[in-house]
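In: Structure for this input, please:
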Amino acid sequence: MSNRILWFLILTIMFGLWYLFYFIFFVQYTWTLEITSNIDNYSVELYAKKVYKTFNYDCKEKKCIIKDISPFNYDITLTSPSYKEIKQELSLKWKNTNYIKADFVKDTKLTELNEVKETNKDIEITKDKAKEKIAYIKFKKETDYIIDLWSLWFFYFKTSWNNLELFKKWESKDTKLGTFPKTDKKDIQIYKIYGDSNKILISLKGRKYIYNLNLQKIDEFKLVPKIKYVKIGNLKTNYLIVTDMGTYTYDELSKELQYFYLFKDFVYLKDAYIWIIYKDEKSKFTNFWLKDNNKNLVIKYNPWVKNREIILETDMEITQIIQEWENKIYFYDNLWKKYELENY
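Out: Numbers count the residues shown, from 1 in each chain. Below is the predicted model:
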């Protein structure tokens, strides 16, 4: 037998085997895969290890049926924007519809924001002049307390007999806001209220005052622990006062001050809380049956359906959690860097 005929026979056999392989695995014996997911609009990637080939599919609905799959073992990857990808091995069962249940989990993360505190050049120039004037008249020596709250401008106290007089300095104008009991300088503090630019909180030792700058209205209550920062709660008349002892809620209509014992810091959503368990709160991990990975836990909790979900574990030194816009949550770290909580 000549070499030409031999090569022809070899090629014929190889072609026949290839055709038989193709006919069996890609035409005659194909399988069906049915995926049931908890979300719409996701992508499916099937990688056949034996033939080094990838097949891609787009699923528009939660239930997705993929037909005519060749009988190989696959690595399957399911992806969707804002969700963590799902990876697993898939072994197709003989002549059956194969079922997969896919539970997508949101890819919650903290994204650092680069912000400039003042963007209006004219305001910056005006404020620089105000600062120069304050330095010139030696406010620090003439006042009992002074603070720059940026967009709210300067506030300062001056002693008048047995009282303290509160002033606001806006550009070159000084406006008297009210008279308060005399207090040692070390016990005076003024805080902005996150979420309401028309109010400030004044701390004079154990006495606290919420001052409405528009209405010139003062609401007084007593609180002893040292305040870290203040923010609006679930209503404009409700405040979350974060202290070194935890968070207190105060409602200026009912005049109720309550200690929120469940967690140190949190914000309200429409139907849930976003709250933090700090890594040094070991008893909280035990009480809530949580695994302690020595990380801070960010938890989403719906009190109506009693659903609790750990949405993020982080090593970040969290100092503040703020809701500045509707359902927009921001975190601050110990270096005052700002992060947005995404995909929660």
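In: quick one: what helix or strand has F285 in it?
Out: Per DSSP states H and E, F285 falls inside helix 282-287.
In: Distance from that helix to the middle of the chain?
Out: The chain centroid and the centroid of helix 282-287 are separated by 22 Å under CA atoms, centre = their mean, to the nearest Å.
In: Over to stretch 216-223?
Out: 31 Å.
In: Next, the residues that contact it from outside, please.
Out: Identification of contacts with stretch 216-223 by CB atoms under 8 Å, 6 or more residues apart in numbering yields 177-178, 206-212, 241, 243, 248, 250, 252, 255, 257. For the C-beta atoms, the positions are set from N, CA and C on the backbone; glycine is no exception.
In: tell me the mean pLDDT over that stretch?
Out: For stretch 216-223, mean pLDDT rounds to 94.
In: And for I210, the neighbour number?
Out: 22 (other CB atoms under 10 Å).
In: and what of T183?
Out: 20.
In: From M245, how far out is it?
Out: 21 Å (CB to CB, to the nearest Å).
In: From the contacts of stretch 216-223, list just the buried residues.
Out: Listed as buried from those are L177, K208, Y209, I210, Y211, I241, T243, Y248, Y250, E252; burial here means 16 or more other CB atoms under 10 Å.
In: From what I see, the fifth one and K199 are in contact.
Out: Yes: proximity of Y211 to K199 meets the contact threshold set by CB atoms under 8 Å, at 6.5 Å.
In: residue ranges with poor pLDDT in the stretch 101-250 of the chain?
Out: Within the stretch 101-250 of the chain, the stretches with pLDDT under 70 are 115-140.
In: Tell me which stretches of it form strands.
Out: 109-113, 145-148, 154-160, 163-170, 173-181, 188-194, 199-204, 207-212, 217-222, 227-232, 238-243, 246-251 (DSSP state E, counting those that start in this stretch).
In: ok, which stretches of this protein are helices?
Out: 3-22, 121-136, 139-142, 282-287 (DSSP state H).
In: what about the residue nearest to L297 when sequence neighbours are not counted, neighbour count?
Out: Among residues not flanking L297 along the chain, I277 sits closest, at 4.4 Å (CB to CB, 6 or more residues apart in numbering). Per other CB under 10 Å, the neighbour tally for I277 reads 24.
In: swap in W170?
Out: Count around W170 with other CB under 10 Å applied: 13.
In: wouldn't it be in contact with L149 here?
Out: No: between W170 and L149 there is no contact, the gap being 11.3 Å when judged by CB under 8 Å.
In: just checking, the residue nearest to L297 touches D292?
Out: No: applying CB under 8 Å, one finds I277 not in contact with D292, separated by 9.7 Å.
In: before we move on, the earlier item: what residues sit buried inside the helix holding F285?
Out: Neighbour counts over helix 282-287 (16+ other CB under 10 Å) mark K284, F285 as buried.
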